[in-house]
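K.L.:
attaching a predicted model along with its sequence, questions to come.
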Amino acid sequence: MSQITLRQLGWSTPDGNSLFEDFDLSVSRERIGLVGRNGVGKSTLLKLISGELLPKTGGATVTGTLGVLQQKVQIEPEETLADLFDVRKAFEILRRAEAGQASIDELADADWTLEERMAAALDRVGLDVRPDTPLCKLSGGQWTRASIAVVFFQAPDFLLLDEPTNNLDRMGREAVFNLIANWKAGAIVASHDRELLEHMDAIVEITSLGATRYGGNWSHFRQQNQSSCKPRNTIWPTLKNTRPRSNEILK
């Protein structure tokens, strides 16, 4: 069974500020929303899970595959949609095969269902574009939908999303909402977008004292948070270099 497990995870900034100590978390086929004040470590936690950062202590174990939404960065003029899907080489083999120029080894490796599967993923997000479409021709909204199509195409066991609706127009945000609302595998989403957090199965609140898990979406989290007699607008504590309390660490 696919699962993400963090055990006794510890990490400090280069200047020695401790963000996590003895941090435990287990995620399976569920959508988890990470919430907390800016600077408390949400993005860092995602990087520790993906392996982009190495923990100081403890470890992160991932059983299954990870997927992310590709952010629009500097694009080379020759890059196409096939590059975004990471299938350029596979498409080149198919084109050579169609022209009768492929080698025996290439024919053996050819993915004859590639175009069909890619078209199906693009159709799910309402995009009618070819694999050889230049990426520079895509608008911001089309890029977002194409990135979501890549996620459908790859079908990872887990999505790791860091503020996925930032800087998106309404159509882009709706595309992300629909992705998460219909996602059947696991997902960890760091976000301040309350509308997006309504689609979560659980909320994990990270503070300077540790992390607390709340069942349900954002509305349930707010209700439970308020029922604990916490002031309405103070759920984001100030970041401090404080060891987490053992009874607030996720098990």
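P.N.:
Here it is on my side, so go on. As the structure is a computational prediction, the values presented were derived from the model and not from experiment.
K.L.:
what segments of the stretch 101-250 of the chain are helices?
P.N.:
104-109, 114-124, 140-154, 170-181, 194-197, 218-227 (DSSP state H, counting those that start in this stretch).
K.L.:
run through who's touching the fourth one.
P.N.:
By C-beta atoms under 8 Å, 6 or more residues apart in numbering, the list of residues contacting helix 170-181 from outside reads 31, 69, 125, 140-141, 144-145, 148, 151, 164-165, 168, 187, 189, 193, 195-196, 199-200. From N, CA and C alone the C-beta is placed, and that goes for glycine too.
K.L.:
domains for the chain, by residue range?
P.N.:
Residue ranges for each domain of the chain read 3-65+157-248, 81-153, as given by automatic domain parsing.
K.L.:
dump those to CSV, plus mean pLDDT, distance to Q74 and mean neighbour count.
P.N.:
Output for the domains of the chain, formatted as CSV (pLDDT from 0 to 100; distance: least, C-beta to C-beta, whole Å; neighbours: other C-beta atoms under 10 Å):
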stretch, mean pLDDT, distance to Q74, mean neighbour count
domain 3-65+157-248, 84, 16, 17
domain 81-153, 90, 10, 16
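K.L.:
let me know the outermost residue of the chain.
P.N.:
In the chain, G100 marks the outermost C-alpha relative to the chain mean, sitting 40.3 Å out by C-alpha atoms, centre = their mean.
K.L.:
confirm that that one sits in a helix.
P.N.:
No. Read with DSSP: H, G, I helix; E, B strand; the rest coil, G100 is coil and lies in no helix.
K.L.:
would you turn the helices of the stretch 101-250 of the chain into CSV with distance to R7?
P.N.:
Below are the helices of the stretch 101-250 of the chain laid out as CSV (distance: least, C-beta to C-beta, whole Å):
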stretch, distance to R7
helix 104-109, 39
helix 114-124, 35
helix 140-154, 27
helix 170-181, 27
helix 194-197, 26
helix 218-227, 25
